[in-house]
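Peer 1: Quick check, what structure comes out for this input:
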Amino acid sequence: MTDEARAFLSARTLPVRMVIFDCDGVLIDSEALCDRVVAASVTEQGWTIAPEECHHRFLGLSFYDMVPLIEAHLGKPVGIGWVHQVVERLTVVLAQEVEPIPGAMEALSGVTALGLPWRIASNSSHTEMNAKFARVGWSELVRGRVHSAAEIIGRGGRGKPAPDVFLEAAAAEGFDPAHCLVVEDSAAGAQAARAAGMACLGYCPDHDGAALRSAGAIPFRPMHAIPELLRAVP
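Peer 2: Residues are numbered from 1 along each chain as shown. The predicted model follows:
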């Protein structure tokens, strides 16, 4: 997979001037914790669902985008209050248990060493991300670099698979989307990158990356390979 990603980047005609990382599943190993909390909360609402099914159904979606799916299954409203409840519960769990993705710090450090600016663009709320980054000791490292689709939704925008959060991150550094490289792990995130006009590498540590490839990403692993892959860009 690394060879495929290297060939993809080597074939680019435009330089990569900025890297945009997703958070969950790319930098922070939070998805299993999120699946656990969401499954428990949805089950309380009346839909008995396992964490594994939550992962399959909801990977890459914001909590706001989960609401109509849950309501359609239940046949009753759960409302935005459900989002607030889940965020509150999840934030407690993240602050106590979350860990970084192996190789994530090496990826960030390596991108910095190459002289490339980087930002983080996630469907998670700032509340959740603050808890994650505090837990792993990255609060100062990521300060001023984090963009939340939850915040954008609050302003009338959309979360992934819409491109809004990626476009906001690119605009913050003043780069054209065509010069940005996104690192994602979900099909929804890859779709958002494609909609933004950005190239996308799809991190797939334990699967073949077929869903990511179908969504427009080039699969790769391991995470610490990112700086090496970027050296292949003309």
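Peer 1: Look up how far Pro51 lies from Ala210.
Peer 2: 22 Å (C-beta to C-beta, to the nearest Å). (Glycine included, C-beta is placed from N, CA and C.)
Peer 1: who has more neighbours, those two?
Peer 2: Pro51 (17 against 12; other C-beta atoms under 10 Å).
Peer 1: got a pLDDT number for the more buried one?
Peer 2: For Pro51, the model assigns a pLDDT of 97.
Peer 1: State the number of residues packed around Leu167.
Peer 2: By other C-beta under 10 Å, 22 other residues sit near Leu167.
Peer 1: what's the closest non-adjacent residue to it?
Peer 2: Ala196 (5.3 Å; C-beta to C-beta, 6 or more residues apart in numbering).
Peer 1: Find me the pLDDT at the one you found, would you?
Peer 2: Reported pLDDT at Ala196 in the predicted model: 98.
Peer 1: The one 3 residues further on too?
Peer 2: Per-residue confidence at Ala199 stands at 98 (pLDDT).
Peer 1: ok, Ile153 touching Lys160?
Peer 2: No. Judged on C-beta atoms under 8 Å, Ile153 makes no contact with Lys160 at a distance of 10.6 Å.
Peer 1: so what sits against both of the two?
Peer 2: Here Ile153 and Lys160 have Ser62 as joint contacts, going by C-beta atoms under 8 Å, 6 or more residues apart in numbering.
Peer 1: who has more neighbours, those two?
Peer 2: Applying other C-beta under 10 Å to Ile153 and Lys160 shows that Lys160 carries more neighbours, namely 28 against 21.
Peer 1: And that one, how far from Glu4?
Peer 2: Lys160 sits 23 Å away from Glu4, going by C-beta to C-beta.
Peer 1: ditto for His179
Peer 2: Counting by C-beta to C-beta - His179 and Glu4 are separated by 22 Å.
Peer 1: which of these two has more neighbours?
Peer 2: Taking other C-beta under 10 Å, His179 and Glu4 do not tie; His179 has more neighbours (17 against 14).
Peer 1: Please name the spatially closest residue to that one (chain neighbours excluded).
Peer 2: Of all residues not flanking His179 in the chain, Arg17 sits nearest, at 4.1 Å (C-beta to C-beta, 6+ apart).
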